[in-house]
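Novice: okay, predicted coordinates and the sequence, questions at the end:
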Amino acid sequence: MIIAKDIKKMLRALDVESDHKKTGTAADRKYRRADVRWPATIRAERGHACLHEEEREVTGIIKDISANGARIDVDGLFFEKNNLLLHATQLGAIRCDLVWRRGNKIGLQFSEDPRMILEKLQELIPGFDTTHS
């Protein structure tokens, strides 16, 4: 007999498999990633596809970043997907969308012009360029 715990486990496995397929490989990436450890917040604002009645915010650490996205370990679960606002002291505020989630790890794709973000990353990270890592 299948119980709720087993169903949840199967759904999580499907999510991980699906997320893995969407993220591609390092060779598929257009922009180089840099490992960082920057504190950040992600906010879903009311009126921007927020699942809750009010604004929702979660804190976390940006683990790696590129000109078009970032991987973040968040403190808690975060289910909102679109029209999010990522804020880090180093970057300021950047509009983005959630593109994958594995537990408390999430992948964001920036809505901003990648060239603008690339310029900022080159200022912040010595030796950062456009080649793949």
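Specialist: Okay, I see it.

Novice: now do the strands in this protein.
Specialist: In order along the chain, the chain carries the following strands (DSSP state E): 34-44, 56-66, 69-74, 84-88, 92-102, 105-110.

Novice: go through these and name the closest to residue 129.
Specialist: Checking the strands of the chain against residue 129 by C-beta to C-beta gives strand 34-44 as the closest, at 10.0 Å. The C-beta positions use only the backbone N, C-alpha and C, and glycine is treated the same way.

Novice: partners of that closest one, with directions?
Specialist: strand 56-66 (antiparallel), strand 84-88 (antiparallel) (DSSP bridges).

Novice: run through this structure and note the low-pLDDT ranges.
Specialist: Applying pLDDT under 70 to the chain flags residues 1-29, 46-55, 130-133.

Novice: need the strands paired with strand 34-44 in TSV (columns: distance to residue 110 and mean neighbour count).
Specialist: Output for the strands paired with strand 34-44, formatted as TSV (distance: least, C-beta to C-beta, whole Å; neighbours: other C-beta atoms under 10 Å):
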stretch	distance to residue 110	mean neighbour count
strand 56-66	9	19
strand 84-88	8	20
